[in-house]
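Engineer: Pasting a predicted model and its sequence here:
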Amino acid sequence: MGTVVSLAVPAPPEAAAQPVGDELEAATAVVERLFNGLDRTFSLYRPDSEASAMARGELALADASADMRRLYVEASEWRTLTEGAFTAERPDGVVDLAGIVKAHAIREAGTSLLALGLQDWCLNAGGDVLVHGSPIPGGTRSWLAGIVDPDDRTSLLTAFPLGNPGKRALATSGTSERGHHIWTVGLQSELTAGYRQVSVAAADIITADVLATAIMAGGARTLTLATARWDVDVLVVKNDGGLLATPGFRRPPAQSG
């Protein structure tokens, strides 16, 4: 997927620090294997992937792997839920699950980390973030996820508190780094719909990532739909530099130990 993935695990009290090294090494290996495996299936940048074989017409979706078919079904369900703002097909008809596969990888990695017994961690894949627990083991402090300013990639617009209980995932979609890579099949809006960047905080990473992409594609209509239908917070950077923010992004993050 060409994505930089980082895993942050807070250090426990010094007396219990020794075992964490082994746990972190095992967790890192699991995350690497998972992302590499999904890349071999879903990447359209790899000529040997299933996705590329499907794009060339050498493999039908019905004959693809169970993972490919399951994720396609999930993406298709989101097309219905977002009233066409999110889609699994490019305008040329090629199946492209890039809008959901990274979030799926993050979701699966999070499940694996919990299975390893890790309760406090922050997983960041290309700026999309999923957390569990707290940056202080056993504490109540939230993780803070920064949102980059699209006009200055070295600066942050704001930071959003993520953790339990509450929203654990944050995803951002925009045109600053990859240009106009979002399509709007069946929509009458312009490609970027007047928005330059959309960040969505949600309870799960799939919802956050899909809705960030859908709002970028569908504009104000999809923004209204998303905030009415799902428990999410949204920060939009408009093409004219203006900001739109739900209440969760407007209040300063409270921190406690």
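Structural biologist: Nice, I can see it.
Engineer: ok, and what's touching the helix or strand that contains Thr80?
Structural biologist: Thr80 is part of helix 66-81 when elements are defined by DSSP states H and E. Here helix 66-81 makes contact (C-beta atoms under 8 Å, 6 or more residues apart in numbering) with 38, 41-42, 50-51, 54, 61-62, 64, 86-88, 95, 97, 99-101, 104, 206, 210, 214, 229. Just so you know, the C-beta spots here come from the backbone N, C-alpha and C atoms, and that holds for glycine as well.
Engineer: repeat that with 10 Å
Structural biologist: Under the criterion C-beta atoms under 10 Å, 6 or more residues apart in numbering, residues 37-38, 41-42, 49-51, 54, 59, 61-65, 85-89, 95-97, 99-101, 104, 108, 185-186, 206-207, 209-211, 213-214, 225-226, 229-230 lie in contact with helix 66-81.
Engineer: before we move on, what about stretch 38-58?
Structural biologist: Counting by C-beta under 10 Å, 6+ apart, the neighbours of stretch 38-58 from elsewhere in the structure are 1-3, 59-61, 63-65, 67-68, 71-72, 90, 92-98, 100-102, 104-105, 108-109.
Engineer: how many degrees apart are the lowest-mean-pLDDT helix or strand in the chain and helix 66-81 in direction?
Structural biologist: Least confident helix or strand, the chain: helix 18-42 with a mean of 83, by mean pLDDT, DSSP states H and E. Angle, helix 18-42 to helix 66-81, by axes from the mean of the first three to the mean of the last three C-alpha atoms, to 10 degrees: 80 degrees.
Engineer: following helix 18-42, which helix or strand comes up?
Structural biologist: Once helix 18-42 ends, the next helix or strand along the chain (criterion: DSSP H and E) is helix 50-55.
Engineer: Would you indicate which residues of that next one are buried?
Structural biologist: Of the residues in helix 50-55, those scored as buried under the neighbour-count criterion (16 or more other C-beta atoms under 10 Å) are Glu50, Ala51, Ser52, Met54, Ala55.
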